[in-house]
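Undergrad: here you go, sequence then predicted model.
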Amino acid sequence: MLMDVDIAQDSEYCFAGTLRGSMELVAVHLGAVEEYLERRLNGTTSNDNGDDDTADLLDLVTVFRRSDAKLKGFGACTRLRKGANMSGSSPPEYLLFTGKAIKNIHIW
């Protein structure tokens, strides 16, 4: 199985899909992992609720899956810039390129 994986420029999401065969695209949200690691590096050992913050890193990862014939051949992703504001006030949006090696280009 040939699989392409691409991490967005902001490291908020990772996208993965197969070149041929499967019609599934996976988006993995990595934002909570980054926040957890920043808290650990800063020496903060409790979360917002005051509980001890020793989470399993895999519990911090959220996976989204989508199946569609047009998702075959995942190629790349890029984040759309909404104006000059990248501070996170609005949820990020991404363009995904699919159709690599199947002769049908789709941009989502």
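TA: Yep, it's here. Predicted, not measured: the structure shown is a model, and the values here were computed from it.

Undergrad: can you report how many residues lie near the closest residue to residue 93 other than its chain neighbours?
TA: In space, and not counting its chain neighbours, residue 93 is closest to residue 80: 4.5 Å by Cβ to Cβ, 6 or more residues apart in numbering. C-betas here are computed from N, CA, C, even on glycine. The tally of other residues near residue 80 (other Cβ atoms under 10 Å) stands at 8.

Undergrad: so what's residue 80 up against?
TA: 92-95 (Cβ atoms under 8 Å, 6 or more residues apart in numbering).

Undergrad: all strands of this structure, in order?
TA: Assigned by DSSP state E, the strands in the chain fall at 3-7, 13-18, 24-29, 62-67, 76-80, 93-98, 106-107.

Undergrad: before we move on, back to that, mind putting the contacts of residue 80 in TSV, pLDDT included?
TA: Shown next, in TSV, are the contacts of residue 80 (pLDDT from 0 to 100):
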residue	pLDDT
92	82
93	87
94	88
95	88
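
Undergrad: okay, those residues in a markdown table with distance to residue 76 and neighbour count next?
TA: Formatted as a markdown table, these follow (distance: Cβ to Cβ, whole Å; neighbours: other Cβ atoms under 10 Å):
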| residue | distance to residue 76 | neighbour count |
| --- | --- | --- |
| 92 | 16 | 16 |
| 93 | 15 | 9 |
| 94 | 10 | 17 |
| 95 | 9 | 11 |
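
Undergrad: alpha carbons of stretch 29-38, as CSV, please.
TA: Taking C-alpha atoms only, stretch 29-38 is exported to CSV below (Å, rounded to 0.1, in the frame of the first residue of the first chain):
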residue,chain,number,x,y,z
HIS,A,29,-5.9,16.9,15.0
LEU,A,30,-2.6,17.4,16.8
GLY,A,31,-3.4,20.7,18.5
ALA,A,32,-4.0,19.2,22.0
VAL,A,33,-0.7,17.4,21.8
GLU,A,34,1.2,20.7,21.2
GLU,A,35,-0.7,22.4,24.1
TYR,A,36,0.1,19.5,26.4
LEU,A,37,3.8,19.5,25.5
GLU,A,38,4.0,23.3,26.0
